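Trainee: okay, predicted coordinates and the sequence, questions at the end:
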Amino acid sequence: FDPEFESCAPFYAGAEGMAAAPATALDADAGGSVAYGTAGQGSSVQTGGQWSTLAQPAGFPASNRVFALASDARGFLWVATTAGVQQADPARPTEIAYRYSAAKDGVSATNVRALFADARGGVWLGGIGASYFDGKRWTNYTQADGLAGDEITAIAEDSQGRVWFGTRTGLSIWTGTTFFNLTGENGLPDSDILALAADGPGMWIGSANGGLYRFENNQLQVLTKANVGLPSDRVTALLVSGDGATLVGTDAGLARFAGGVVSAIDS
């Protein structure tokens, strides 16, 4: 997305070493490396202007169907696949540095679909339940521990260091000691959350059928197809761009929200 022209254009397309299967996840680390996961050809990584594809049977990832990617503070690439969660050392990108499991590590999150590397150097896994790795040990959280629901769809961190979890039954905010939940019972028009994007102390929240929410200073703003002209009330992806606008991905196309105005983005 080019903010100057308010349009989208191919940035990486068809280069040597890129997997051709549909992309399912995208990640860019602090060093400028880009990685994307696919629906059946593993993951492609770009470093120094060169692309390489990591896939079976070469060793990493353990499955070629990738759901989520994240680069942690040490530069390790984490991948969630149909074969679980693995970690790769950038010095040996074709090898699995570690494969996490409940039996070996006490990781309780299963069916992982969301990964998030936080500002403290740790990594969150979200699937059926949530698990957090602080670099040495794992801590697990479920609905019994205060989460709004056990099926986690999105994870993000705001500027205050609070970690937000989107679930199929509401929104949870982890303060470091406890969860604060937003559900249909205390104000969410639709509790099926699909996407999150931090914007300073506030958070943009995409729902399955209730449009786009913004939560800040304990106030919830609801933006929908009816009141601001979103392409659809099913919001599947969010990104705060460098110019301060919010890009809103929906099942009916991409839009830009800035200054209270929604404008459609041509593909």
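Mentor: Cool, got the structure.

Trainee: export the lowest-mean-pLDDT helix or strand in the chain as PDB, just CAs?
Mentor: In the chain, the helix or strand scored least confidently by mean pLDDT, DSSP states H and E is helix 102-105, which has a mean of 78. Extracted in PDB, the C-alpha atoms of helix 102-105 (Å, rounded to 0.1, in the frame of the first residue of the first chain):
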ATOM      1  CA  ALA A 102       2.900 -30.100  25.500                       C
ATOM      2  CA  ALA A 103       4.800 -33.300  26.400                       C
ATOM      3  CA  LYS A 104       8.300 -31.600  26.300                       C
ATOM      4  CA  ASP A 105       7.600 -28.000  27.300                       C
END
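
Trainee: what does that helix contact?
Mentor: S108, T110, W138 (CB atoms under 8 Å, 6 or more residues apart in numbering). All C-beta atoms are positioned from the backbone trio N, CA, C, and that covers glycine.

Trainee: which of those residues count as buried?
Mentor: S108, W138 (16 or more other CB atoms under 10 Å).

Trainee: secondary structure added to the contacts of helix 102-105, as CSV?
Mentor: Compiled in CSV, the contacts of helix 102-105 are given as follows (DSSP: H, G, I helix; E, B strand; the rest coil):
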residue, secondary structure
S108, coil
T110, strand
W138, strand
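
Trainee: shaky segments in the stretch 1-150 of the chain?
Mentor: Regions of the stretch 1-150 of the chain meeting the criterion pLDDT under 70 are absent.

Trainee: swap in 80 and give it another go.
Mentor: By pLDDT under 80, the low-scoring segments of the stretch 1-150 of the chain are 2-7, 29-32, 90-91, 93-94, 101-103.

Trainee: tell me how far F76 lies from I155.
Mentor: Distance of F76 to I155, computed by CB to CB, to the nearest Å: 17 Å.

Trainee: please point out which parts of stretch 173-181 sit buried.
Mentor: Taking 16+ other CB under 10 Å as the neighbour-count basis, stretch 173-181 is seen to contain the buried residues I173, W174, F179, N181.

Trainee: just checking, what packs against the strand or helix carrying T153?
Mentor: Of the helices and strands defined by DSSP states H and E, T153 is found in strand 152-157. Contact here means 3 or more CB pairs under 8 Å, 6 or more residues apart in numbering; DSSP states H and E; on that basis strand 152-157 packs against strand 110-117, strand 123-133, strand 163-167, strand 193-199.

Trainee: chain center to it, what's the gap?
Mentor: 6 Å (CA atoms, centre = their mean, to the nearest Å).

Trainee: over to stretch 48-59?
Mentor: Going by CA atoms, centre = their mean, the spacing between the C-alpha centre of stretch 48-59 and its chain's C-alpha centre is 22 Å.

Trainee: then it to CSV, C-alphas only?
Mentor: Taking only C-alpha atoms (Å, rounded to 0.1, in the frame of the first residue of the first chain), the coordinates of stretch 48-59 have been written out as CSV:
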residue,chain,number,x,y,z
GLY,A,48,19.4,-9.1,1.2
GLY,A,49,17.2,-8.9,-1.8
GLN,A,50,17.1,-12.6,-2.4
TRP,A,51,14.2,-15.0,-1.9
SER,A,52,14.4,-18.6,-0.7
THR,A,53,11.5,-21.0,0.0
LEU,A,54,11.6,-23.2,3.1
ALA,A,55,9.4,-26.2,2.7
GLN,A,56,9.2,-30.0,3.2
PRO,A,57,11.0,-32.2,2.6
ALA,A,58,14.0,-29.9,3.3
GLY,A,59,13.2,-29.7,7.0
